[in-house]
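1. sequence unknown, structure follows:
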């Protein structure tokens, strides 16, 4: 179970919304939404309902700390290998879940991956904010053991380059 603010943040990012978009959709001032996501502000029942409606999620999911994409089946070894290889080699995957995980993994580990690249294959620089957001989305969507395995696999593949 995650804290309320972290849950709201995870759902907002999973929906691809900015703070301004969610604040507008829920009728909440953006500074208040920022404080809610940081855990610095309590919410009323009215605000809870407005946030849930704007995020298209049950209010109970926000209160209970239910993160998006939880309940996905565990990844197989073959899937983890494909995801890690795609993250390092910038391959395109056809499975939507694998493709999303690969992109998030590549963004979260861009500094390590970039250090392993040859000069002919530059990687797009990522900001610390992009890396942090990607890591947060990975952390909220996958089990810790799966993430540890994915990070290890990417690290090993990057070292081999």
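-> Received, thanks. Values in this document were obtained by computation on a predicted structure and should not be read as measured data.
2. Does anything pack onto the helix or strand where residue 81 lies? Which helices or strands?
-> Applying DSSP states H and E as the criterion places residue 81 in helix 77-89. Judged by 3 or more C-beta pairs under 8 Å, 6 or more residues apart in numbering; DSSP states H and E, helix 77-89 is in contact with helix 96-108, helix 110-116, helix 144-160. From N, CA and C alone the C-beta is placed, and that goes for glycine too.
3. May I see the ones you listed organised as CSV, with mean neighbour count and mean pLDDT added?
-> Supplementary listing: those in CSV, determined by neighbours: other C-beta atoms under 10 Å; pLDDT from 0 to 100:
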stretch, mean neighbour count, mean pLDDT
helix 96-108, 20, 88
helix 110-116, 16, 58
helix 144-160, 15, 84
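4. Same list (those) but as JSON lines, adding distance to residue 64.
-> JSON lines is the format used below for these (distance: least, C-beta to C-beta, whole Å):
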{"stretch": "helix 96-108", "distance to residue 64": "23"}
{"stretch": "helix 110-116", "distance to residue 64": "33"}
{"stretch": "helix 144-160", "distance to residue 64": "19"}
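5. after the least confident helix or strand in the chain by mean pLDDT, next one along is what?
-> Using mean pLDDT, DSSP states H and E, helix 110-116 stands out as the lowest-scoring helix or strand of the chain, at a mean of 58. Downstream of helix 110-116, the first helix or strand assigned by DSSP H and E is helix 128-141.
6. Next, the buried residues of that following helix.
-> 131, 133, 134, 135, 136, 137, 138, 139, 140, 141 (16 or more other C-beta atoms under 10 Å).
7. Ok, stretch 41-54 next?
-> 41, 43, 47, 48, 50, 51, 52, 54.
8. ok, the last one touching residue 11?
-> Translated: residue 54. No - if you go by C-beta atoms under 8 Å, residue 54 and residue 11 don't touch, sitting 9.5 Å apart.
9. that older thread, so which residues make contact with the helix holding residue 81?
-> Here helix 77-89 makes contact (C-beta atoms under 8 Å, 6 or more residues apart in numbering) with 75, 91-93, 95, 98-99, 101-103, 105-106, 109, 113, 116, 146, 149-150, 153-154, 157-158, 161.
10. tell me the mean pLDDT over it?
-> For helix 77-89, mean pLDDT rounds to 92.
11. so that helix versus helix 144-160, what angle?
-> Counting by axes from the mean of the first three to the mean of the last three C-alpha atoms, to 10 degrees, helix 77-89 lies at 50 degrees to helix 144-160.
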